[in-house]
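Engineer: Here is a sequence together with a model predicted from it:
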Amino acid sequence: MIKKTTHINDPLKLLEILPTVQAPIPEYLYLATSNARCPKAEIFIKEGDYVKCGQQIGIRHAAFFDQPIHSSCSGVFEGYEKHYHRSGKQIDFLKIHNDFKDVWDESVHTRTDEEIAKMTKAEMTEIIKQTASVGLGGSSFPSYIKMQTDRPIKTILINGIECEPYINADKRTMMEDAPKLLEGILFLMQAFNCHDARICVKAIHTEIFVYYNYLLSQDKYKGITMSPMKNYYPQGWEIAMIKQATGIDVPSGHLPSEFGIMNFNSSSVVGIQQAIRENKPVTDRRVTVTGNGINKPANFEVRIGTPVRYLIEQCGGYKNPNMPKVFILGGPMMGASESDEDCICTKTVTSIIVLDHVEHKEEACIRCGSCVLSCPVGLQPVTIMNAMKHTPVDKAKIKMLNPLKCIECGLCTYSCTSKIHVTDYIRRAKTIARLK
Amino acid sequence: MDSKVQFIKESAPHIRRKDSLNRMMMDVVIGLLPVVIFAFIAAPLAALRNLLVSIATMELAEFIFVLIMNRIPYDGKKYTFKDHWKNAISKYRLSNVTVPLVSAIIYALIMPSYMEAGYEYLMYVALIVGAVFGLAIGKLVFGGTGNNIFNPAAVGMVFAKACFGSHYVYFQPFVSDGGQIVSAGATSLGSDFVDIASKSFLTDNYSLMDLLLGRIPGLMGEICKVAIIVGFIYMFIRHTIDWRISASYVGTFFIMMLIAGLIVHGADNSISPFYFATYHLLSGGVLFAAVYMATDPVTSPITRPGRVLYGVILAVCTTFIRLFGSLPEGVVYSILIGNMLTSVIDYPKWSSNKFSWKNILWPVGVFVFFTLILVWSLCVEVL
């Protein structure tokens, strides 16, 4: 088919209107000592120590920022265990034996409205830094670095688009935590001294629009508006979202803040609200467990550190266990597939998708141009692929084709008529283009 | 928990569009069905012969190609012929059947139905020679499906015509004695179709309705325009072809012929330019080529502006060959010329999928430039 892929159908669409289930908290929780951005960690506690919920038990070090580690339950620290991280690496996890009492740390306290109203941006940034609020859409980029910008911010965009199929974490957060989300937006508007915040949601989600239009009619939420988005993939990509919401085209290599725009994921805003209002780190997040390899798909609210295997047990296990499966943490278009189910839910795991593995037979490329039509950044994936197939690879030509613009949305592979894994070629081209 | 579940690691994305090469090729075949059905109604025996011979030849050529290309490479060991055969057969795929099938059907439909009396056997020779040449030189020497520069059907047709063209006879279906054979070398576009100097215009014979329904002499695939339009609608709905190529080809061709008609017949008002342009559009192979041949994805550009430019180039070539060339039919030649220019259009330095001023300027520039040449040369001849 010579056709531009506009949106990707979700075979389990019903799940997005089903409420979130509070997943039972397992006996052992595991906290990552390092993650993709922070390779080193420093742990403050010893084996046998009693930790409280929300207590800072360590700190992860990265090249230019630190990220505190907080316990997500109260219990006894029982040493380290190796598990798979989302990135596919086996790393050390702190094993905490849950005592099911949820004793909160002393640092967690509710702030009054007056206290918050007096806060400056620097104070809020410090709180967000101490509570380790990160981008919960999957990037795990620390929110405080975004907050540190000195540029004047005219518009705050709240990303609730979630364009990948199967994932419902942000949608359910928007429906179920609406007061928290709106309060978080008010805090951010106060911090940046900006009077324009827009919540970007796909126009097809009528229920969110009806609900929020009702909420936003209240006086205290003045300045917050809803911004309907088209049902495109990858509309959740920040540059596509900014383009449609404000009409500003942010060139690649520039930050949105240079154009007076600051964007946050909707789940992250809820995390920021909790941090500022209650000084509480993110201990829970919403995770969708779905796919045609799962018996009973569900939206869960899980504690950070819950083993994925435990969640799959809650869903009734695998459907057709004899068939080979693909186990994905994240969305089906950009998420990483894991070779083992022994993974842990970290802050960045938005969904757990188990699909039956389908073997795709590659055919010859017939230059139908579907990848070129679909590419959201205007590259020519087929030309890059053909350039990569040449040996030796012509580096100058690869650089001319500009593969570094690619955002790896996966649309070229998705829409390929001949089932060629075009995205793989482009990833390789990117590594070549990065060489000097 | 059953720990035996096997997990396969693969890189993202993990889902694919419901779509395949074979389905796309079968869509083209379905899109060709109205034309094939018409050919069977118009000249059953000729259609059967053309289709059978060309399909068999092209499939066989592709099969032999697969056998040759998939020999076990030399690695010191000795392999028997059976090993080579088994290895080659294991590489033989469904797409090795469907892709030549499309080429073969198109090729069969643009070959003539009969040879002149006394040379009937030559028809088989012409079909086989053209099919083998078209598939081998037009596609296989470049490396098979996806790597070819030229449209295999067009290459085969041109070669067969170059070799056996003097014996071709075009037939006209649905006349009193059913499939009457008309004189050699004449389609509805006779070589003196538009004799510009004498301003004669052979339109008395065929009305536009005849042209639409196929009551004209010509190649059996090209004459029934209604069947082609039905096929186009099907393929358009299924997204099998890019409508930009067809639209820009047909649109540019129509406008250029309109201008030509205005100049040639404008002074005496004998024929309305609209009639002139419509007649040109509905006669010959313009519509067939615009729908089935120019849209061949392998040999056409990949970007949207490039596809528009490609259609404009085809239309310009067709117009000039029709009006000034010695050939009555310019469509196949213009497609081959367009195929040659595809890689230039696709050169990544200037090709882009987004419509920008530069991109729009190219098709418009080509169109304006050649229209001016057309006007100038027609004025020289007429005035």
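Structural biologist: The structure has been received and is ready for your questions. Numbers count the residues shown, from 1 in each chain, chains lettered A, B, ... in the order given.

Engineer: Report the central residue of chain B.
Structural biologist: Among the residues of chain B, the one closest to the centroid is residue B:293, at 2.6 Å (C-alpha atoms, centre = their mean).

Engineer: from what I can see that one touches residue B:106, true?
Structural biologist: Yes. Residue B:293 lies in contact with residue B:106 (C-beta atoms under 8 Å); the separation is 6.4 Å. C-beta here means a position set from N, CA and C on the backbone, and glycine is covered the same way.

Engineer: overlap in contacts of the two?
Structural biologist: residue B:153 (C-beta atoms under 8 Å, 6 or more residues apart in numbering or on different chains).

Engineer: List the contacts of the residue of chain A found nearest chain B.
Structural biologist: Closest to chain B within chain A is residue A:410: 3.3 Å, counting by C-beta to the nearest C-beta. Taking C-beta under 8 Å, 6+ apart as the criterion, residue A:410 is in contact with A:333, A:334, A:423, B:12, B:13.

Engineer: Just the buried residues of these.
Structural biologist: Listed as buried from the contacts of residue A:410 are A:333, A:334, A:423, B:12, B:13; burial here means 16 or more other C-beta atoms under 10 Å in any protein chain shown.

Engineer: my guess is the last one is in a strand, correct?
Structural biologist: Okay, so that is residue B:13. No. Counting by DSSP: H, G, I helix; E, B strand; the rest coil, residue B:13 is located in no strand; its state is coil.

Engineer: Can you tell me what sits against the host helix or strand of residue B:121?
Structural biologist: Take DSSP states H and E as the rule and residue B:121 turns out to sit in helix B:120-138. Here helix B:120-138 makes contact (C-beta under 8 Å, 6+ apart) with B:49-50, B:53-54, B:57-58, B:61-62, B:65, B:100, B:103-104, B:107-108, B:111-112, B:114-115, B:148, B:150-157, B:159-160, B:163-164, B:167.

Engineer: Now the buried members of those.
Structural biologist: Using 16+ other C-beta under 10 Å, the buried members of the contacts of helix B:120-138 are B:49-50, B:53-54, B:57-58, B:61-62, B:65, B:100, B:103-104, B:107-108, B:111-112, B:114-115, B:148, B:150-157, B:159-160, B:164, B:167.

Engineer: mind showing which ranges of the chain have poor pLDDT?
Structural biologist: This is for chain A. Within chain A, no range satisfies pLDDT under 70.

Engineer: you looked at the wrong chain, it should be chain B
Structural biologist: Within chain B, the ranges that satisfy pLDDT under 70 run B:1-3, B:172-205, B:267-269, B:327-329, B:382-383.

Engineer: Tell me which residue of it lies closest to chain A.
Structural biologist: The nearest approach of chain B to chain A comes at residue B:13, 3.3 Å away (C-beta to the nearest C-beta).

Engineer: Name the nearest residue to that residue, ignoring sequence neighbours.
Structural biologist: Among residues not flanking residue B:13 along the chain, residue A:410 sits closest, at 3.3 Å (C-beta to C-beta, 6 or more residues apart in numbering or on different chains).

Engineer: Quick check: phi and psi at the spatially closest residue to residue A:185 that is not a sequence neighbour.
Structural biologist: In space, and not counting its chain neighbours, residue A:185 is closest to residue A:197: 5.0 Å by C-beta to C-beta, 6+ apart. Note on residue A:197: backbone dihedrals following degrees, to the nearest 10 are phi -130, psi 140.

Engineer: Distance check, residue A:197 against residue A:268.
Structural biologist: 14 Å (C-beta to C-beta, to the nearest Å).

Engineer: Next: residue A:363.
Structural biologist: Separation of residue A:363 from residue A:268 (C-beta to C-beta): 42 Å.

Engineer: quick one: which of the two has more around it?
Structural biologist: Set side by side, residue A:363 and residue A:268 show more neighbours around residue A:268, with 28 against 23, by other C-beta atoms under 10 Å in any protein chain shown.

Engineer: Let me see the contact set for the more buried one.
Structural biologist: Contacts of residue A:268 by C-beta under 8 Å, 6+ apart are A:133, A:134, A:135, A:136, A:137, A:143.

Engineer: Likewise for residue A:234?
Structural biologist: A:163, A:164, A:240, A:333, A:376, A:407, A:409, A:411.

Engineer: just residue B:48 next, same as before
Structural biologist: Counting by C-beta under 8 Å, 6+ apart, residue B:48 touches residue B:40.

Engineer: did I read that right, it in a helix?
Structural biologist: Yes. Looking at residue B:48 with three-state DSSP, it is inside a helix.

Engineer: Show me which residues of the stretch 1-150 of chain A sit near chain B.
Structural biologist: Within the stretch 1-150 of chain A, the positions lying close to chain B (C-beta under 8 Å from any C-beta of the partner chain) are A:1, A:2, A:3, A:5, A:8, A:88.

Engineer: and the residue nearest to the centre of chain B, what is it in contact with?
Structural biologist: So residue B:293 contacts B:106, B:151, B:153, B:154, B:331, B:332, B:335 (C-beta under 8 Å, 6+ apart).
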